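Peer 1: Turn this into a model:
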Amino acid sequence: MTEQTHRLDGQVVAITGGAGGIGLATAKALVSAGAKVSLGDLDEAAAEQAADQLGHGNIGGHLDVTDMASFEAFAERTEAEVGLLDVLINNAGVMILGPLEDEPEAITAVSVGVNLTGVINGTKIAMKRMKPRARGRIINVASQAGKVGFPGGATYCATKFAVVGLCEAVRNELRGTGVGVTCVMPGPVDTELGAGIGNARGVETLRPEDVAGAMVRAIAKGESEVWLPRKTRFLQPPTSLLPAGGRDFMLRAFNADKVLAKADTARRAEYERKVSGDG
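Peer 2: So this is what the prediction gives:
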């Protein structure tokens, strides 16, 4: 849960994919901490309804993160109606699972478009708006799949590896400007996106509120990386020193090779149809 000492009074935060899951949980935590939020989502009605429930001064509307013009309009409306942007949270993402060789080109395009191009679009827009003011924070939601390649989710992992690399590069491009970058790397989260996937041995499923609280803390403390669960921060560095065969052995030893490859396809079917554009 969000610690009450982490106050963000008056800060303006825009959240992509803000109508549900981690995005909505984060919006609620931010408002509780004193911030004002702007929710962007493909589901315009859901974003508007969520903003209304959050109270006066918060807004919601349509956003297609893959479309730069749509993203620019979202940022413009946020600053016109809520206030100058203090934080942008690039949260929108999709996860469509299956063997890479069976993945249709359209699914690859959707995954790369939302998970990577959308994050790049938002990061560019935030940089241009925040740098002249010498303040602000860009938060990009990656994943533990941005550090480990999980079978059954090759394209998803590829996009999240790319987001981690983007965060590291942009953090150093912005050094000394007053604008910070935070990379958030959660494990499995109990959301529609995470439905039916497994867990590596010793890694529990997170609640959206866990991720939300961590993002509030990251804004308040200026953290550059957020690992969830926190203990995973200490597991990754020694594993990365192993040769490829050793890393693969550890993947199997912790049952991490089954996390995505053995996902419950029946539980995920409706979600995957929706985000792929078929439902």
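Peer 1: in the chain, what spans have low per-residue confidence?
Peer 2: 1-4, 235, 237, 279 (pLDDT under 70).
Peer 1: Adjacent strands (with direction) for the biggest strand by length in it?
Peer 2: Across the chain, the longest stretch assigned as strand under DSSP state E is strand 179-186. Paired neighbours of strand 179-186 in the sheet (DSSP bridges): strand 136-141 (parallel), strand 225-228 (parallel).
Peer 1: quick check: longest helix of the protein.
Peer 2: Longest helix of the chain, by residue count under DSSP state H: helix 154-173.
Peer 1: which outside residues touch that one?
Peer 2: 95-97, 100, 103, 107-108, 111-112, 115-116, 119-120, 123, 127, 138, 140-143, 145-150, 180-183, 185, 224, 260 (Cβ atoms under 8 Å, 6 or more residues apart in numbering). All C-beta spots, glycine's among them, are computed from the backbone N, C-alpha and C.
Peer 1: can you give me the strands in the chain?
Peer 2: Counting by DSSP E, the strands of the chain are 12-16, 36-41, 59-62, 87-90, 136-141, 179-186, 225-228.
Peer 1: Next, the angle from the longest one to helix 154-173.
Peer 2: Same thing as strand 179-186. Between strand 179-186 and helix 154-173, the angle comes out at 150 degrees (axes from the mean of the first three to the mean of the last three Cα atoms, to 10 degrees).
Peer 1: Can you pull out the residues in contact with strand 179-186?
Peer 2: Under Cβ under 8 Å, 6+ apart, the answer for strand 179-186 is 22, 126-127, 130-131, 134-144, 146-147, 163-164, 167-168, 170-171, 174, 206, 210-211, 214-215, 218-219, 222-228, 232.
Peer 1: ChimeraX command to pick out the buried ones of these?
Peer 2: Buried residues within the contacts of strand 179-186, by 16 or more other Cβ atoms under 10 Å, are selected in ChimeraX with:
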select :22,126,127,130,136,137,138,139,140,141,142,143,144,146,147,163,164,167,170,171,174,206,210,211,214,215,218,219,223,225,226,227,228,232
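Peer 1: Spell out for me which residue occupies the centre of the protein.
Peer 2: V141 (2.5 Å; Cα atoms, centre = their mean).
Peer 1: Please tell me how far it sits from P132.
Peer 2: 25 Å (Cβ to Cβ, to the nearest Å).
Peer 1: Cool, thanks, signing off.
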